[in-house]
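Undergrad: Mind looking at a prediction? Sequence and model below.
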Amino acid sequence: MIEFHSKPVTSTFLDPQDEYRPRSIMIEHRRDPLTGDYSRITDYIPPKEAQAVSQAVVDAVIPIFAPPLVEQITPKYPADIDGDGRLSRGRSVLFPNLNPYDEYSPVVAIGDQPLVKPGELSVDDVGDALCLMRDFFSKLPEDRRTGLIGWNYLPQSSSSIPHPHMQAVSTYRVPRRLAAEYAGEADHQEANGTSYWDDLVTAETDGPRWLGADNGWSRVLAFAPRNPIPESIVISDNIDNLQSATDDDLYGLAGHMVMLASAHHAIGYSSFNMALHPTAPVEGSRLRARYIPRTYIVPKLTSSDQTWIHMGSDEGLCMINPEGFAEQLRAASPQM
């Protein structure tokens, strides 16, 4: 069984915007059913961004990840990783990060366009990028296939280069968040004899946080989001790690990511992070990606949506009710 635990609390104050009449606001403390981490759900809705790409982003475009520069100035891997130094597929290219975060730290330039506007991402290009990451991790020794694949899209997400691109780290240890998820999966498997992710999909299907399913993947909003705008989880029906995913599987995942990007853009949140875990050592684990919308709390000041609560407590702070946000996302795309 999966328990969706929450505890409401009420904050009351005299509101100067209403002649100092009493105003009460409910805040929910929610516990993540997998990791046990807590998140606060408030009713402060982050401002929606202007949907057009800002002139500052346009001015920052330098086509270093696009042809011909991507083949001329990006680094290469030694021959023991890949004979040609880079991997390519379709219009996407994989190469080492000039500023590595770990022993292996690849970058994939997604497509050949130095700036792709919100809502215009290509399923084929994203699928090619995911396949390149799979091919790269498959070349590594088994003890280096643990890690994290990520994506920063637009400056709100901490992206410093407008050209869409994924990054990854391959490392000798399991990242802290993923270790907590693995521990939760193992506890659930031992207690119930079933996969946590299969049970989560069953519990959430057609519920208030459900976003849909097709091509072997399911989409659902997290019950206890860690970030100001609720994140979505895209869960494979049966794949347990990146190396076993077929091309069709990864193009299917790409379709879900592009769909989520389009729907979020339609309701005013165009920037995002993606996190994908390539390995799954726990029985019943599933390959999964998190789509994490990003914004500025005060756009004119480019004030980040990550606050002292996130950094100081290592707990989530979500400013939009996930169930209400799911309604907006379903309405924003006829495919959801």
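TA: In hand now; what should we look at? Numbering: from 1, shown residues only.

Undergrad: the strands in the stretch 101-250 of the chain, which residues?
TA: Per DSSP state E, counting those that start in this stretch, the stretch 101-250 of the chain carries strands over the ranges 106-109, 146-153, 165-171, 210-214, 217-221, 232-236.

Undergrad: right, so the ones you listed: which one is the most enclosed?
TA: strand 106-109 (a mean of 26; mean count of other Cβ atoms under 10 Å). For glycine as for every other residue, the C-beta is placed from the backbone atoms N, C-alpha and C.

Undergrad: who touches that one?
TA: Here strand 106-109 makes contact (Cβ atoms under 8 Å, 6 or more residues apart in numbering) with 65-66, 70, 74, 92-97, 129, 132-133, 136, 163-168, 170.

Undergrad: Return a ChimeraX selection command for the buried portion of those.
TA: Only the buried members of the contacts of strand 106-109 end up in this ChimeraX selection, burial being decided by 16 or more other Cβ atoms under 10 Å:
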select :65,66,70,74,92,93,94,95,96,97,129,132,133,136,163,164,165,166,167,168,170
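
Undergrad: Which members of the contacts of strand 106-109 occur in helices, if any?
TA: Ala129, Leu132, Met133, Phe136 (DSSP state H).

Undergrad: residues in contact with the first one?
TA: Looking back up the chat, that one is Ala129. Going by Cβ under 8 Å, 6+ apart, Ala129 touches Ser92, Val108, Ile110, His165, Met166, Ala254.

Undergrad: next helix or strand past the top helix by length along the chain?
TA: For the chain, the helix reaching the highest residue count under DSSP H is reported as helix 247-266. Note on helix 247-266: by DSSP states H and E, the next helix or strand toward the C-terminus is strand 271-276.

Undergrad: coming back round to it: using a markdown table, please lay out the contacts of Ala129 together with pLDDT and distance to Thr279.
TA: Shown next, in a markdown table, are these (pLDDT from 0 to 100; distance: Cβ to Cβ, whole Å):
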| residue | pLDDT | distance to Thr279 |
| --- | --- | --- |
| Ser92 | 97 | 22 |
| Val108 | 97 | 18 |
| Ile110 | 97 | 22 |
| His165 | 96 | 22 |
| Met166 | 96 | 17 |
| Ala254 | 97 | 20 |
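
Undergrad: and of the residues you listed, the nearest to Arg226?
TA: Using Cβ to Cβ, the shortest approach to Arg226 within the contacts of Ala129 belongs to Met166, at 20.5 Å.

Undergrad: and the closest one, bridged to which residues?
TA: For Met166, the beta-bridge partners under DSSP bridges are Val108, Trp151.

Undergrad: Looks like it contacts Asn273 (just checking).
TA: No: between Met166 and Asn273 there is no contact under Cβ atoms under 8 Å: 10.7 Å.

Undergrad: okay, and the common contacts of the two?
TA: Common contact partners of Met166 and Asn273 (Cβ under 8 Å, 6+ apart): Gly150, Trp151.

Undergrad: hey, where'd the helices end up in the protein?
TA: 55-59, 123-139, 176-192, 196-204, 247-266, 308-313, 322-332.

Undergrad: on contacts alone, who are the packing partners of the longest helix of the chain?
TA: Secondary-structure packing of helix 247-266 (3 or more Cβ pairs under 8 Å, 6 or more residues apart in numbering; DSSP states H and E): helix 123-139, strand 217-221, strand 232-236, strand 271-276, strand 288-294, helix 322-332.

Undergrad: Direction included, what does the third one pair up with?
TA: Applying DSSP bridges, strand 232-236 is found paired with strand 217-221 (antiparallel), strand 288-294 (antiparallel).

Undergrad: Apart from its neighbours in sequence, what residue is nearest Ile45?
TA: Residue nearest to Ile45 in three dimensions, not counting chain neighbours: Ile320, with 5.7 Å by Cβ to Cβ, 6 or more residues apart in numbering.

Undergrad: For the one you found, give me its contacts.
TA: Residues near Ile320 by Cβ under 8 Å, 6+ apart: Ile45, Pro46, Pro228, Ile229, Pro230.

Undergrad: Surely the first one and Met319 touch.
TA: Yes: with the criterion set as Cβ under 8 Å, Ile45 and Met319 qualify as a contacting pair; they are 6.1 Å apart.

Undergrad: out of those two, which sits in the busier spot?
TA: A count of neighbours by other Cβ atoms under 10 Å puts Met319 above the other of Ile45 and Met319, at 20 against 13.
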